[in-house]
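Trainee: Fold the following.
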Amino acid sequence: MTVQEIVLELKRLPPNESWQIVTELLHSLQPAPTLEARSVRETVAALRGRGRGERLVERLRASRREDQQAAERYAAQLRH
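Mentor: Next up, the predicted model:
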């Protein structure tokens, strides 16, 4: 499947589902030396704006806060 075909498939999904798929894909990928930088830029450009109205920044900040709080609780448990 080409990058363009993947982008077309992602565009058919509702924005919240496409972000989940992209996030999972990015987490599962290992660096691929065969992937051209140009195709990566094209893919990102094609997906730009798909998540508008989803409050992505707020969700990411909240997720980061939760991670930090969990890390602090874990560190406190280790100290006691």
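
Trainee: tell me which element the spatially most central residue of the chain is part of?
Mentor: Central residue of the chain (CA atoms, centre = their mean): residue 23, 2.9 Å from the mean position. Following DSSP states H and E, one finds residue 23 within helix 15-28.

Trainee: mean confidence for that helix?
Mentor: The average pLDDT within helix 15-28 is 70.

Trainee: and the next element down the chain from the helix or strand containing residue 41?
Mentor: Using DSSP H and E, residue 41 maps to helix 37-47. Sequence-wise, the next helix or strand downstream of helix 37-47 (DSSP H and E) is helix 56-79.

Trainee: so where is the protein shaky, pLDDT-wise?
Mentor: In the predicted model, the chain carries pLDDT under 70 at residues 1, 15, 18-19, 26-38, 51.

Trainee: what's the distance between the residue nearest to the centre of the chain and residue 10?
Mentor: Plainly put, residue 23 is 12 Å away from residue 10 if you go by CB to CB, to the nearest Å. For the C-beta atoms, the positions are set from N, CA and C on the backbone; glycine is no exception.

Trainee: my read: residue 6 touches residue 43, true?
Mentor: Yes. With contacts counted by CB atoms under 8 Å, residue 6 reaches residue 43, the gap being 7.4 Å.
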